[in-house]
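Enquirer: Give the three-dimensional model of this entry:
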Amino acid sequence: GQVVIRLRSEILNVERMENGEFSLQLNGEQVNCRSLVIASGGLSMPGLGATPFGYKIAEQFGLKVLPTRAALVPFTLHKPLLDHLQTLSGVAVPSVVTAESGTSFRESILFTHRGLSGPAILQLSSYWQAGEKVTINLLPDCDLSAFLDAERVEHPNQSLKNTLAKQLPKRLVECLQTLGQIPDLTLKQLNGSQQMQVVETLQAWQVIPNGTEGYRTAEVTLGGVDTNELSSKTMQAHKAPGLFFIGEVVDVTGWLGGYNFQWAWSSAWACAQALAAR
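Expert: Numbering: from 1, shown residues only. Alright, predicted model coming up:
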């Protein structure tokens, strides 16, 4: 059939008419339709034109909209921690990061001039709540105590810093030492309780993010139109026949790696099948 694409068209009002069709008041004309599909996305990346339009339409027709927040997004850090860690900008470390809920991801973290990023952090941001701590294991594949014991036998006068630099980026070790989290000692000076503390610091390092970078850099938006309000087969709203919601405007959030694209495409396909049958 014929497709008409209207650019630079602001939708001022949407109403359902007595015959069940929808009437859209645009800036300059009126359009009527039997089916109305909302594919307006979330609030992420406002520079691309993201707006809460879709949520407002859902609420207008009595659909529940769950609270929204930025997800798949870097963390920002408080000073003075930020002042120290931003000197590591560009350094990446394979890690396991864990949220207070217990959800964890094994990927790299990346230090940035604003805080922490990298795949592990982006993934965890979907499960993190403001004020919660994040636990980071910087050496997930190392029995650190056994490594330090073996190094002490071989090199008793070697500094702890240089020993750890065999496992981690030297700049990171130096930074943690500046923060007072790693003692400035040789291996033979390091007693048992100090060694346990070093292991705890590096394998259960606790950071409380200041927040996230927000919608400006977030890849997705958590929350949106409640999935219980929609048919999982057609994406049609139970309370408003003919009204469909697809993609990011719905409360479906995938992991990093194309899952959110897949949801957008799959929900659109399911909706299109239903439209063809109407």
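
Enquirer: and the closest residue to residue 13 other than its chain neighbours, what does it touch?
Expert: Nearest residue to residue 13, sequence neighbours excluded (CB to CB, 6 or more residues apart in numbering): residue 25, at 4.0 Å. Just so you know, the C-beta spots here come from the backbone N, C-alpha and C atoms, and that holds for glycine as well. Contact analysis of residue 25 by CB atoms under 8 Å, 6 or more residues apart in numbering lists 11, 12, 13, 14, 15.

Enquirer: Residue 25 pairs with what?
Expert: With DSSP bridges as the criterion, residue 25 is bridged to residue 13, residue 30.

Enquirer: So what's the gap between stretch 104-124 and the chain middle?
Expert: Relative to the centre of its chain, stretch 104-124 is centred 10 Å away, using CA atoms, centre = their mean, to the nearest Å.

Enquirer: Restricting to C-alpha, output that stretch in PDB.
Expert: Extracted C-alpha coordinates of stretch 104-124, given in PDB (Å, rounded to 0.1, in the frame of the first residue of the first chain):
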ATOM      1  CA  SER A 104      27.300  -9.700  38.800                       C
ATOM      2  CA  PHE A 105      29.000  -9.400  35.400                       C
ATOM      3  CA  ARG A 106      32.500 -10.500  34.300                       C
ATOM      4  CA  GLU A 107      33.800  -8.000  31.700                       C
ATOM      5  CA  SER A 108      36.300  -5.200  31.600                       C
ATOM      6  CA  ILE A 109      35.900  -2.000  33.500                       C
ATOM      7  CA  LEU A 110      37.200   1.200  32.000                       C
ATOM      8  CA  PHE A 111      38.400   4.200  34.100                       C
ATOM      9  CA  THR A 112      37.300   7.500  32.600                       C
ATOM     10  CA  HIS A 113      37.700  11.200  33.400                       C
ATOM     11  CA  ARG A 114      34.200  11.200  34.900                       C
ATOM     12  CA  GLY A 115      34.300   7.800  36.700                       C
ATOM     13  CA  LEU A 116      33.800   4.200  35.700                       C
ATOM     14  CA  SER A 117      32.700   2.700  32.400                       C
ATOM     15  CA  GLY A 118      33.400  -0.400  30.300                       C
ATOM     16  CA  PRO A 119      31.000  -3.300  29.500                       C
ATOM     17  CA  ALA A 120      30.900  -4.600  33.100                       C
ATOM     18  CA  ILE A 121      29.900  -1.200  34.500                       C
ATOM     19  CA  LEU A 122      27.300  -0.600  31.700                       C
ATOM     20  CA  GLN A 123      25.700  -3.900  32.400                       C
ATOM     21  CA  LEU A 124      25.600  -3.400  36.100                       C
END
